[in-house]
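Novice: sequence and predicted model, in that order:
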Amino acid sequence: MKSNRVRFLLAVAATAAALTACTPTGTAAVVGGERISSAELNENIAAVKREAAAINADIDAPEALPAALPQVVLNHLVLIRQSEQLARRDGITVTESEIDQQIKRYEDAYQMPFDQLAPRVGIPRARIREWMRAQVVQNKVAPRLGINEQTTENEAMQKLDEALNAAAPVTWNPRYGKRVGLEGRFEMPERFGAADTGGDEE
């Protein structure tokens, strides 16, 4: 089913990170020492909402996303930062042509231009190339992690999560809860309330 394929796309993008009790004021997450502000997150959430509405994509429908939109968007931003830091650490380079090829692979798989798919899975169109660069970095590091055709999906995602988190550990703002499993889901501590209110403004 298409919904399962979209969830898999999001699962590949999701990253494993530990929840800690405190982040600086106005911060959604800290990735390897690099801060993602609540304001940046909110701007990206607003962009996804506008872009989804423009193509009549119902991202609020049950099962449309594996978590609340703010959590999904934050996961994408975290993935981009982690992949950048992993690439710098390991000397991985990515060309514009490789990004173009990665976009085409997704478009062929989903039979849809990626700028139409992106809002449906919580990726702001302005971040598409950054997100695709992250995918290329993961593809390039995979053989170094022993990922091959015999590796299961869960094993591959676990190894990638570990590599990304080793290169750039993540501290989440507790309001977004704790990511659980490998499917991009989040567990919300009751005392923090709902995550879908978005981050605090700076």
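Specialist: The structure has been received and is ready for your questions.
Novice: so the most centrally placed residue in the chain is in which element?
Specialist: For the chain, His76 is the residue whose C-alpha lies nearest the centre (Cα atoms, centre = their mean; 2.3 Å). Per DSSP states H and E, His76 falls inside helix 69-90.
Novice: show me what that helix is packed up against.
Specialist: helix 2-13, strand 27-31, strand 34-37, helix 38-54, helix 128-141, helix 153-167, strand 170-172 (3 or more Cβ pairs under 8 Å, 6 or more residues apart in numbering; DSSP states H and E). The C-beta positions use only the backbone N, C-alpha and C, and glycine is treated the same way.
Novice: wait, which of the ones you listed is closest to Ala67?
Specialist: Proximity to Ala67, assessed across those by Cβ to Cβ, is greatest for helix 2-13 (8.5 Å).
Novice: rewinding a little: any idea which of the helices and strands packed on helix 69-90 has the lowest pLDDT on average?
Specialist: Between the helices and strands packed on helix 69-90, the one with the least mean pLDDT is helix 2-13; it has a mean of 53.
Novice: around the closest residue to Gly122 other than its chain neighbours, count how many other residues there are.
Specialist: Once flanking residues are discounted, Gly122 sits nearest to Val72: 3.8 Å by Cβ to Cβ, 6 or more residues apart in numbering. Neighbours of Val72 under the rule other Cβ atoms under 10 Å: 24.
Novice: do the same with Arg35
Specialist: 16.
Novice: now do the same contact list for the residue nearest to the centre of the chain.
Specialist: By Cβ atoms under 8 Å, 6 or more residues apart in numbering, the residues touching His76 are 13, 44, 122-123, 127, 131.
Novice: just Arg129 next, same as before
Specialist: Ile99.
Novice: give me that answer again for 10 Å
Specialist: Applying Cβ atoms under 10 Å, 6 or more residues apart in numbering, we find Arg129 in contact with 94, 96, 99-100, 102-103, 114.
Novice: can you redo those as JSON lines with pLDDT and neighbour count?
Specialist: As requested, these are arranged in JSON lines below (pLDDT from 0 to 100; neighbours: other Cβ atoms under 10 Å):
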{"residue": "Val94", "pLDDT": "98", "neighbour count": "20"}
{"residue": "Glu96", "pLDDT": "98", "neighbour count": "9"}
{"residue": "Ile99", "pLDDT": "98", "neighbour count": "19"}
{"residue": "Asp100", "pLDDT": "98", "neighbour count": "12"}
{"residue": "Gln102", "pLDDT": "97", "neighbour count": "20"}
{"residue": "Ile103", "pLDDT": "98", "neighbour count": "20"}
{"residue": "Phe114", "pLDDT": "97", "neighbour count": "20"}
